[in-house]
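Trainee: What follows is a predicted structure for the sequence shown.
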Amino acid sequence: MNIQGRRLIGTTISVVVLFLGLSAFSAEERPTARGKELFRDHCAKCHGLEARGKGMVPSLIGVTERMSTKAIAAHARMIGERMCCAASIKKLSDENFSDIVEYLETLHE
């Protein structure tokens, strides 16, 4: 098999895996599910898995009632610039932040 054939097979497999991964959630659940994963990977180490914060790290429960998605993203990016423990935040896109905010909207006291 030539290199183009292998690339085509690899691309096809990637598309199928992505489709199967996304189809495990309903259309309404997808952003929330992605947001939960992104939160776990980029925010939970400081804010905790339940977003309740600890010590000097604030709870994020109810933050969506006080701040817009844009403001949350801007604040998080500022923290990412200043705190080495939050450096991975700088890599998140606006869409990633929107997904995280959608997930945060599901959390309640």
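Mentor: Received the coordinates, thanks.
Trainee: make it CA atoms for all contacts and neighbour counts henceforth
Mentor: Fine.
Trainee: on contacts alone, who are the packing partners of whatever helix or strand residue 30 lives in?
Mentor: Using DSSP states H and E, residue 30 sits within helix 29-42. For helix 29-42, the packing partners by 3 or more C-alpha pairs under 8 Å, 6 or more residues apart in numbering; DSSP states H and E come out as helix 94-104.
Trainee: in terms of contact, does residue 62 touch residue 103 like I think?
Mentor: No - contact between residue 62 and residue 103 fails when scored by C-alpha atoms under 8 Å: they sit 11.4 Å apart.
Trainee: These two: who's more crowded?
Mentor: When neighbours are counted by other C-alpha atoms under 10 Å, residue 103 comes out ahead of the other of residue 62 and residue 103, with 20 against 15.
Trainee: ok, back up a step: packing partners of whichever helix or strand comes after the helix holding residue 30?
Mentor: Using DSSP H and E, the helix or strand that follows helix 29-42 in sequence is helix 44-47. Contacts defined by 3+ C-alpha pairs under 8 Å, 6+ apart place helix 44-47 against no helix or strand at all.
Trainee: Centre of the chain to the helix or strand following helix 44-47, how far?
Mentor: Where DSSP H and E defines the elements, the next helix or strand beyond helix 44-47 is helix 63-66. Distance of helix 63-66 from the chain centroid (C-alpha atoms, centre = their mean, to the nearest Å) equals 17 Å.
Trainee: Can you tell me how far the residue sitting nearest the centre point of the chain is from residue 55?
Mentor: Centroid-nearest residue in the chain: residue 38, 2.5 Å away (criterion: C-alpha atoms, centre = their mean). As for residue 38, its distance to residue 55 is 22 Å (criterion: C-alpha to C-alpha, to the nearest Å).
Trainee: remind me which residues of this protein are low pLDDT?
Mentor: 1-29, 31 (pLDDT under 70).
Trainee: quick one: the helix holding residue 30 to helix 94-104, angle?
Mentor: Helix 29-42 runs at 100 degrees relative to helix 94-104, counting by axes from the mean of the first three to the mean of the last three C-alpha atoms, to 10 degrees.
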